[in-house]
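Q: pasting the sequence and the predicted model now:
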Amino acid sequence: MTQTTQTSPPAGKQMLSEQVYMRLRDAIMRGDHAPGDALKPQDLAKEQGVSLAVVREALVRVVGDGLADRLPNRGFAVPAYSDRRWQEITEARRTVEPVMLRMSVERGDVDWEARVRAAHHRLARTPAYVPEEGRHYSSAWAEAHRLFHRTLLEGCGNLVLMETFDRLWTASELARRWSAHRSPGRDALLEHRRLEEAALARDADTAAEVLTRHLTRTAAALTDCPHHETAGEA
């Protein structure tokens, strides 16, 4: 009796591809590659000391995360500040997330309230910037920020809507980092505290309004500043 075996990529190659992907993703998030910069596979392969195939695989994944563009006949590049996608993503989030928050306020139970309080406490106590992670906000703060917003909305109890939130959050992460550094005077602590207070007070109208303003400020920071600024300038 003959047995057929399925072949899969060697574990070593998969691990290498994952490492290159994570390094490239982190470099874009830190601002090592400025908005609009070309991401040349040949140069990246040389820098990383890996094959062109491994780099291309990593670039395709980064494109899937919304952190790079694949340009016809021009390779890959970091999106630009002026890219229309940021406004479209914001429009989608302003359409979906306030509705989800209203549903959470109406449906969320005491356990949801406790999770919201805990998520907000973690966010408020996590440093937004640490010297060793460059000029954009820290990875720990980014995760605390994501969990706070996600916890606010998960009280809606709709898994399809939560999957939509997850996709939109990932797609908007790069713009969110640019926006944070372009708006140094923005009081994120106050904005998040108002969100928590309105949600836990079961004031759906105020919570939805605060969230809409919160989302709008991120997109505005990309369009209101001069286009010649670099990602690291205030």
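A: Arrived safely, thanks for sending.

Q: can you pull the contacts of the residue nearest in space to the middle of the chain?
A: The centroid of the chain falls nearest to residue 173 when counting by Cα atoms, centre = their mean (2.1 Å). Residue 173 makes contacts with 29, 65-67, 142, as judged by Cβ atoms under 8 Å, 6 or more residues apart in numbering. Where you see a C-beta, it was placed from the backbone N, CA and C, and this is true even at glycine.

Q: dump the helix-or-strand element of the chain with minimal mean pLDDT to CSV, keeping only the CA atoms.
A: Here the helix or strand of the chain ranked lowest by mean pLDDT, DSSP states H and E is helix 11-30, holding a mean of 84. In CSV, the C-alpha atoms belonging to helix 11-30 read as follows (Å, rounded to 0.1, in the frame of the first residue of the first chain):
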residue,chain,number,x,y,z
ALA,A,11,10.4,25.0,8.9
GLY,A,12,13.6,27.0,8.7
LYS,A,13,12.4,28.9,5.6
GLN,A,14,9.0,29.7,7.3
MET,A,15,10.8,31.0,10.4
LEU,A,16,13.2,33.1,8.3
SER,A,17,10.3,34.6,6.3
GLU,A,18,8.4,35.4,9.5
GLN,A,19,11.5,37.1,10.9
VAL,A,20,12.0,39.3,7.8
TYR,A,21,8.3,40.2,7.8
MET,A,22,8.3,41.3,11.4
ARG,A,23,11.5,43.3,11.0
LEU,A,24,10.1,45.1,7.9
ARG,A,25,6.8,45.7,9.6
ASP,A,26,8.4,47.2,12.7
ALA,A,27,10.8,49.3,10.5
ILE,A,28,7.8,50.9,8.7
MET,A,29,5.9,51.4,12.0
ARG,A,30,9.0,53.1,13.5
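
Q: report all helices and strands that that helix contacts.
A: Applying 3 or more Cβ pairs under 8 Å, 6 or more residues apart in numbering; DSSP states H and E, one finds that helix 11-30 makes contact with helix 41-48, helix 52-64, helix 159-182.

Q: nearest to residue 84, out of these?
A: When those are compared by Cβ to Cβ, helix 159-182 sits nearest residue 84, at 11.6 Å.

Q: sorry, back to before: if I look at the residue nearest to the centre of the chain, how far off is residue 98?
A: The gap separating residue 173 from residue 98 is 20 Å, by Cβ to Cβ, to the nearest Å.

Q: again with residue 147
A: Counting by Cβ to Cβ, the separation of residue 147 from residue 98 is 19 Å.

Q: more neighbours: which of those two?
A: Per other Cβ atoms under 10 Å, whichever of residue 147 and residue 98 has more neighbours is residue 98, with 21 against 17.

Q: wait, that one touches residue 210, no?
A: No - with contact defined as Cβ atoms under 8 Å, residue 98 and residue 210 do not form a contacting pair (9.2 Å).

Q: can you add mean pLDDT and give the helices and strands packed on helix 11-30 back as CSV?
A: Below are these laid out as CSV (pLDDT from 0 to 100):
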stretch, mean pLDDT
helix 41-48, 94
helix 52-64, 93
helix 159-182, 88
